[in-house]
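Participant: Just a sequence and a predicted model for now, questions to come.
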Amino acid sequence: MSEPWQDENQKLVVQSNDLITARYQLDIDGFRALTLFLSKTNQRLENPGWVSFTAKEFQSTFDINKKNVWRCMKKAVVSLSKSQITFYVINRQKESFTVLNWLSGYKYEKIDGQITGLKLRLNNELDPFLFNIKSNFSWCFLNAITSVKNVISFRIYMYILSHKNHPRCKRDGFFEVGISIKDFRGLFPDASSRFDNLKTRTIEPAIQDINENTNLSVHWEPVRQGRSVIGIRFGCVEEKAITTKPKRQRLVKRPHVKSGSHAEGEWMRKNTEILYQYEKELKEYDPALRLDMPDLRRAVEYSRLFKPNWHRDKKIELEKRSAK
């Protein structure tokens, strides 16, 4: 990809394409800590060593509930400490691989005995993949990925971006990216070996996440050879507009009241309106966007008494999407 350094006000996340196609697993909290760490460094230069961020930075960057921020940061440390990256190299018929850890250390920062931040140091053996990279790298703006809900979504997003400027991928107004099923399962070895399950549990949720929460609009289709699916093709448009995809307002927490009470009804009414307006904003931004499955289930649960027509439509939609 082209040089990303022109806008110094934007926070960047840069990765070698070899890291993008490596095999690793992180949970969402580990991914968030890693990307925030990278966005706070100048990846044109050498590994700076220790880099810190506060709990407030972590919470505000990813819109995490304040009550959960420390639990999420501790989970991030566990994920980054336990997860490993496997790089595969195939030369003719000879295959080799290298396994590296993410971290070489971490520290909790305290003021007056209270934990206020986290300091991380990445494994310096990862430097060729993250720092002072001269070629074969891809990048994104941090604010384009802070709302993704799944690490698989981010990894597909970065895989797509790594091919964006390839001459064979460019089309009139958009670009196409393909990947074989073998290579896709190499990226996500724990994904189902059955394509139907791979489609419903991995690919479709990730594409919906990308479409709703990043600056890419993506559609996908299987590539078949006879009756067998041998690959996946992504058609992509990078959104250039100033307007950003809408984000759902945080839902109101259920009060400690009896089921069927007036207070419970008010809680359901408020959340019905939040979900209804959010879906409306999604459709105005892109008619193809939909509520994700958890929000669709909430919409059906909350709306029965307050928006009966919308409730009926969402119930039919939930039955259809659950049957796939």
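Facilitator: Looks like it came in fine.

Participant: Which stretches in the stretch 151-300 of the chain count as strands?
Facilitator: Using DSSP state E, counting those that start in this stretch, the strands of the stretch 151-300 of the chain run over residues 175-180, 216-225, 228-238.

Participant: what would those look like in CSV with mean pLDDT, mean neighbour count and distance to residue 81?
Facilitator: All C-beta atoms are positioned from the backbone trio N, CA, C, and that covers glycine. Listed next are the strands of the stretch 151-300 of the chain as CSV, based on pLDDT from 0 to 100; neighbours: other C-beta atoms under 10 Å; distance: least, C-beta to C-beta, whole Å:
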stretch, mean pLDDT, mean neighbour count, distance to residue 81
strand 175-180, 90, 17, 30
strand 216-225, 92, 15, 31
strand 228-238, 91, 16, 32
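
Participant: Which among those strands is found nearest to residue 254?
Facilitator: With distances scored as C-beta to C-beta, the stretch of these nearest to residue 254 is strand 216-225 (34.3 Å).

Participant: and the angle for the closest one with strand 175-180?
Facilitator: Inter-element angle recorded for strand 216-225 and strand 175-180: 40 degrees (by axes from the mean of the first three to the mean of the last three C-alpha atoms, to 10 degrees).

Participant: Which elements pack onto strand 216-225?
Facilitator: Under the contact criterion of 3 or more C-beta pairs under 8 Å, 6 or more residues apart in numbering; DSSP states H and E, strand 216-225 touches helix 151-162, helix 204-213, strand 228-238.

Participant: what angle do that strand and strand 228-238 make?
Facilitator: Using the same axes, to 10 degrees: strand 216-225 against strand 228-238 is 160 degrees.

Participant: Enumerate the positions of stretch 16-23 that are buried.
Facilitator: For stretch 16-23, the neighbour count (16 or more other C-beta atoms under 10 Å) marks 16, 17, 18, 19, 20, 21, 22 as buried.

Participant: One more: stretch 52-69?
Facilitator: Buried-residue list, stretch 52-69, by 16+ other C-beta under 10 Å: 53, 55, 58, 59, 61, 62, 64, 69.

Participant: which residue ranges form the helices in the stretch 201-324 of the chain?
Facilitator: 204-213, 262-285, 293-302, 308-323 (DSSP state H, counting those that start in this stretch).

Participant: Restricting to C-alpha, output the longest one in PDB.
Facilitator: The reference is to helix 262-285. Extracted as PDB, the C-alpha positions of helix 262-285 are listed here (Å, rounded to 0.1, in the frame of the first residue of the first chain):
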ATOM      1  CA  HIS A 262     -44.400  -0.300  34.800                       C
ATOM      2  CA  ALA A 263     -40.700   0.300  35.400                       C
ATOM      3  CA  GLU A 264     -39.800  -2.700  33.300                       C
ATOM      4  CA  GLY A 265     -42.100  -1.500  30.600                       C
ATOM      5  CA  GLU A 266     -40.400   1.900  30.500                       C
ATOM      6  CA  TRP A 267     -37.000   0.200  30.200                       C
ATOM      7  CA  MET A 268     -38.200  -1.900  27.300                       C
ATOM      8  CA  ARG A 269     -39.800   1.200  25.600                       C
ATOM      9  CA  LYS A 270     -36.600   3.200  25.800                       C
ATOM     10  CA  ASN A 271     -34.500   0.400  24.400                       C
ATOM     11  CA  THR A 272     -37.100  -0.200  21.700                       C
ATOM     12  CA  GLU A 273     -36.700   3.400  20.600                       C
ATOM     13  CA  ILE A 274     -32.900   3.200  20.600                       C
ATOM     14  CA  LEU A 275     -32.900   0.100  18.400                       C
ATOM     15  CA  TYR A 276     -35.500   1.400  16.100                       C
ATOM     16  CA  GLN A 277     -33.700   4.700  15.500                       C
ATOM     17  CA  TYR A 278     -30.400   2.900  15.100                       C
ATOM     18  CA  GLU A 279     -31.800   0.600  12.400                       C
ATOM     19  CA  LYS A 280     -33.300   3.700  10.700                       C
ATOM     20  CA  GLU A 281     -29.900   5.400  10.700                       C
ATOM     21  CA  LEU A 282     -28.200   2.200   9.300                       C
ATOM     22  CA  LYS A 283     -30.700   2.000   6.500                       C
ATOM     23  CA  GLU A 284     -30.200   5.700   5.600                       C
ATOM     24  CA  TYR A 285     -26.500   5.200   5.500                       C
END
